[in-house]
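S.K.: Just the structure for this:
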Amino acid sequence: MSAGPTAMVPGGLFAALRPLDPASPASAAWRALGAGACVPNPFYEADYALPAARAFGDGIRLLVVADRPPEEPGARWLALWPFRSSRTRWGVPLPVLVGWTHGFCPLGVPLLDGTEPARALQALCDAPRALGLSPRLLLLNAPADGPFAELLAARTNRRDAAYWAHARGALDLAGLEPARRAGYLDHVSGKGRRKLRLGRERLEAGGAVAFETVADPAALAAALDDYVALETAGWKGRAGTALGQRPAEAAFMRGMVAGFGAQGRIRIVRLRRNGRTLAAAILPRSGTEAFVLKVSYDEAEAAGAPGVQLVHRLTEAALRDGAIDRIDSCAAPDYRLAEMFWTGRRAIAHRLVEASPDRFFPLAAALEHARERYAGWRMRRRVR
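M.R.: Numbers count the residues shown, from 1 in each chain. Predicted coordinates:
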């Protein structure tokens, strides 16, 4: 990680602005922060973000808070947020720092030290002013409830506003006793169960269908290649957007799967029949939480709903093994597959945050609201 601006912030901490550099020598401190983050976000961890740099990192910089300059030996990182600067988001010369998200990064919560999250967040908010950056932070797809939202709400004399609020399906098993785990799927209706049974019978008409979980680092590369082939054979392949047609994105996935796989932190789950994959999903993990990054299925088997069957079998497996407390579907607002089985919801919203006193914050909030309304109008018009 090449040197960049560094400044002191209140509380005796250091704020630093650094490039998103795959050759970063400070990755160990970054990994330690990700492993102990207040709110898990594998998409901002070193072994995810650094492989993504070449495919999605154009213009991205890192805002880092540490107890000393971040490259120094023994430095302890307390906060990290990848962002890009924008002067044109609202069509007027009002700069804003926009959190990094992309098609493979569906969660934009900063990494905050789990032992001192309030101190870490305060220092992260103090950092832009100390480094001469905009005091306006726009966190895309951030949690709208839970620990991070509570930390934002606890700040005094600072404003924030939420946009594009929605809730996505989540399998939330934390604290559930064995009896409640065993009955978790009881809410599925009789009609839903009949559809599941019919779909399974259709898939198994050609042979037994097995649910597989691939976690062995030696097997993950081949499982990823299998997933890429499955996706390329479907509608994404016809549209030219499949991983197999985008070398930079495929290289990112291979690097990320190798890095997370070496740590035992990624699973590829799939339904297979006679050596042929009917549906597959890629799930990176952070602690006891997993995230559904990608899902694909064999369109020739659509009558058996292999994607639905995969999520159902994944749910059953999670209920049995007890190693996962939560699975975030990472789904778009209009994608309801996980909600057929998962009763939990994760509230998500874009959060515009006043990092330091900003007389233009009301204007920025009004402009972002107008942008949200205009985008919603265009979406409704396309639907009609």
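
S.K.: Could I get the CA-only coordinates of the lengthiest helix in the chain as CSV?
M.R.: Taking DSSP state H as the criterion, the chain has its longest helix at helix 361-383. Taking only C-alpha atoms (Å, rounded to 0.1, in the frame of the first residue of the first chain), the coordinates of helix 361-383 have been written out as CSV:
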residue,chain,number,x,y,z
PHE,A,361,-26.2,18.9,4.3
PRO,A,362,-29.9,19.9,4.0
LEU,A,363,-29.4,20.7,0.3
ALA,A,364,-27.5,17.4,-0.2
ALA,A,365,-30.4,15.5,1.5
ALA,A,366,-33.0,17.2,-0.7
LEU,A,367,-31.0,16.5,-3.8
GLU,A,368,-30.6,12.8,-3.0
HIS,A,369,-34.3,12.6,-2.2
ALA,A,370,-35.1,14.1,-5.6
ARG,A,371,-32.8,11.7,-7.2
GLU,A,372,-34.5,8.8,-5.5
ARG,A,373,-38.0,10.0,-6.6
TYR,A,374,-36.8,10.5,-10.2
ALA,A,375,-35.3,7.0,-10.4
GLY,A,376,-38.5,5.6,-8.9
TRP,A,377,-40.6,7.4,-11.5
ARG,A,378,-38.4,6.0,-14.3
MET,A,379,-38.7,2.5,-12.9
ARG,A,380,-42.4,2.7,-12.7
ARG,A,381,-42.7,4.1,-16.2
ARG,A,382,-40.6,1.2,-17.6
VAL,A,383,-42.8,-1.3,-15.8
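
S.K.: Mind listing what's buried along that helix?
M.R.: Neighbour counts over helix 361-383 (16 or more other Cβ atoms under 10 Å) mark 361, 364-365, 367-368, 371 as buried. (Glycine included, C-beta is placed from N, CA and C.)

S.K.: How about stretch 174-185?
M.R.: Under the neighbour-count criterion of 16+ other Cβ under 10 Å, stretch 174-185 has 184-185 buried.

S.K.: Quick check: end-to-end length of that stretch?
M.R.: Criterion Cα to Cα, to the nearest Å; first-to-last residue distance in stretch 174-185 is 16 Å.

S.K.: Show me what that stretch is in contact with.
M.R.: Residues from elsewhere that reach stretch 174-185, judged by Cβ atoms under 8 Å, 6 or more residues apart in numbering: 173, 288, 315-316, 319, 322, 325-326, 341, 343.

S.K.: Same check on stretch 315-329?
M.R.: Under the criterion Cβ under 8 Å, 6+ apart, external residues in contact with stretch 315-329 comprise 107, 168-174, 181-182, 184-185, 211, 213, 269, 283, 285, 288-292, 314, 335, 337-339, 341-342, 344, 346.

S.K.: what's the answer for stretch 240-248, then?
M.R.: With contacts defined as Cβ under 8 Å, 6+ apart, stretch 240-248 is touched by 54-55, 227-229, 231-232, 234, 236-237, 249-250, 253.

S.K.: how far is it from where the chain is centred?
M.R.: Going by Cα atoms, centre = their mean, to the nearest Å, the spacing between the C-alpha centre of stretch 240-248 and its chain's C-alpha centre is 20 Å.

S.K.: still on that earlier bit, so among the contacts of stretch 240-248, which ones count as buried?
M.R.: For these, a neighbour count by 16+ other Cβ under 10 Å gives the buried set as 55, 227-229, 231-232, 234, 236-237, 249-250, 253.

S.K.: Of all pairs in those residues, which one is the farthest apart?
M.R.: Using Cβ to Cβ, these span at most 20.8 Å, a distance reached by A55 and G234.

S.K.: Might one say that R346 is in contact with A167?
M.R.: Yes - when contacts are counted by Cβ atoms under 8 Å, R346 is listed as touching A167 (6.4 Å).

S.K.: ok, back up a step: just send the buried residues of helix 361-383 back as JSON lines, with pLDDT and distance to G103 too.
M.R.: Rendered in JSON lines, the data for the buried residues of helix 361-383 read as follows (pLDDT from 0 to 100; distance: Cβ to Cβ, whole Å):
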{"residue": "F361", "pLDDT": "97", "distance to G103": "30"}
{"residue": "A364", "pLDDT": "97", "distance to G103": "26"}
{"residue": "A365", "pLDDT": "97", "distance to G103": "27"}
{"residue": "L367", "pLDDT": "96", "distance to G103": "26"}
{"residue": "E368", "pLDDT": "96", "distance to G103": "22"}
{"residue": "R371", "pLDDT": "94", "distance to G103": "20"}
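
S.K.: which residues touch G287?
M.R.: Listed by Cβ under 8 Å, 6+ apart, the contact partners of G287 are P40.

S.K.: any idea how far G36 is from it?
M.R.: Applying Cβ to Cβ, to the nearest Å, the value for G287 to G36 is 9 Å.
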